[in-house]
Every structure is written in C-alpha cells, then in structure tokens.
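Enquirer: Provided below for reference: sequence and predicted model.
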Amino acid sequence: MGRVILLTCEGESGCIAANFLVQHFPGLLTVIDSPVSRLGLLKRPAKRLGIGHVTGQLAFMTFQRLQRRASAQRIAAIKDEFRFDDRAISSEVADAGDVNSRDCQALLEELKPPLVFVMGTRLICQETIAAAKDAPFINYHAGITPKYRGVHGAYWALAEGDAANCGATTHLIDAGIDTGAVLYQQRITPGSQDNFSTYPYLQLAAGLPLMVRAGIDALEGRLNPLRIDLPSKLWSHPTFADYFARGVRRGVW
C-alpha cells in the first residue's frame, strides 16, 4: 500500500494538522500548497460581489490581525488544552509547488496514495484528483456543510443566530466548493471569551479527530457518506462594516 498524503497550507494550521495526523498514519507525506495572496483569495468574490464589497473585506482583514494579537492568550490556552503541536512538521515534507501544478500531479501519480487528506489549500482541480487514481480526497472544512460552505463557517453560523450549526466537517472532495459528500460533522460551543480569531482553533480541535476517523474508514474500505438535509450556501469574508453591525446586534465578535 502507498503512503497517505496530506495536502495542506503553509503556516500554523498546516503544522498542527500534519503533526496530529502522522501519529495515526505513520509514513504520512505532507505537501505544502504554495501560498495564495490575500488579493488572490478575494478575486473570485470580487467578480461576484463587486470591488466595494471586497474593499470592506480587506479592511476587516486588517482589523482581524489586530484582534488575533489581542486574543493571543486565549489562543494559547486552546492550543494547550488540546495539545496542538505547532512546531515544524515532524513527518516528511515534499516540495511540489501548488497543489494543481504538474509537479504535484506527477507526485500523486508516482506514489499512488491510498488516501489524500486536504486542509486549507486552494480549490483542487479535477486533474489533481485524477492523478491519484481512485484514492479518496478527504477535506477538513471549518464549518457545517452544505449550509456554511466557503470560509469562516463558525463565525457565520453564530452571526446568523444559528449556533446549532456551528462546527466542523470532513467531506469528500468533488468538483464544487465544499460540496462533496459529508463523512463526519462535529458541533462546537464557543464561550464568551471566544471570537472570530479563536473559533478556528476550536473547530480544529473538533475536526482533526474526524479526519482520523474518516481516514481509517477510507483505508478499511468502509466510507459511509451522510445524508445532510440543510440548505447550501457559499460564504466569504465579512466586510468590516458588516462584522461590526452583527457584533452590535448579536454580540458575535
């Protein structure tokens, strides 16, 4: 059997995921997706929502960097509680450019992995999926799909007054954006000390064990997608004005 592969992003969450998964999947090979600029992340929303909206999103991103610094103590407490290992990735790391590059596809073709985990990468093209032949691609999503596809699923659930659907999902990857068949979901309940900058850590704590469960299912040939009866919607970054208005109205920050 080939090696299990993790396609992930550069930075803290990628390190945490890789160091967690290698404990359960020895020999894990991690491939780091080359980073996408903040402007690049907003290109698709700009076409759909307009330049004015995206300017508001960029203003929010600037504010959020300050919020994250102010939340450092709470973030450290969550990482300590769940024993997150955010040090350099302890397993082997391959340099294959972005996940949709020919180099990455060639690596998948060569290694013939039985399973590919995905966390925090750009949208993966069908050519990359096909390169791994019949291996399932299992994605970690920070939100409850299909209702909170896209980004910041915990924040949007709370901001919409939908705390019952605040959580994390593991799902199979298909051609859409977070539209693949759901494997496992876990709800979370943030506390009064939590905010936009700490929700992702709580989601990660809930979601990483789901990745392990789904991965074991895949290797043992018993994946069992769930039927989820929820509306489907794609969410993007909030604008600063929208974030502030919802914070005042709902107390969700």
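Expert: It's in.

Enquirer: count of residues packed around Gln126?
Expert: The local packing of Gln126 (other C-beta atoms under 10 Å) involves 11 other residues. From N, CA and C alone the C-beta is placed, and that goes for glycine too.

Enquirer: and the residue nearest to it when sequence neighbours are not counted, how close does it get to Leu108?
Expert: Distances taken as C-beta to C-beta, 6 or more residues apart in numbering place Ala175 nearest to Gln126, at 6.0 Å, with adjacent residues excluded. Ala175 sits 17 Å away from Leu108, taking C-beta to C-beta, to the nearest Å as the criterion.

Enquirer: comparing the two, which shows the higher neighbour count?
Expert: Taking neighbours as other C-beta under 10 Å, Ala175 and Leu108 compare with Leu108 leading, 24 against 11.

Enquirer: surely the more buried one is in contact with Ala132?
Expert: Yes. Taking contacts as C-beta atoms under 8 Å, Leu108 lies within contact range of Ala132: 4.4 Å.

Enquirer: counting contacts, what elements does the helix or strand hosting Gly52 pack onto?
Expert: Assigned by DSSP states H and E, Gly52 belongs to helix 51-70. Applying 3 or more C-beta pairs under 8 Å, 6 or more residues apart in numbering; DSSP states H and E, one finds that helix 51-70 contacts helix 43-49, helix 240-250.

Enquirer: buried ones in that helix?
Expert: For helix 51-70, burial by neighbour count (16 or more other C-beta atoms under 10 Å) applies to 53-54, 56-57, 60, 64.

Enquirer: hang on, the earlier thing: distance check, the residue nearest to Gln126 against Tyr148.
Expert: Ala175 sits 19 Å away from Tyr148, going by C-beta to C-beta.

Enquirer: whatever helix or strand Cys15 lives in packs against which elements?
Expert: Assessed by DSSP H and E, Cys15 sits inside helix 12-21. If contacts are counted by 3+ C-beta pairs under 8 Å, 6+ apart, helix 12-21 sits against strand 5-9, strand 29-33, strand 116-119, helix 199-219.
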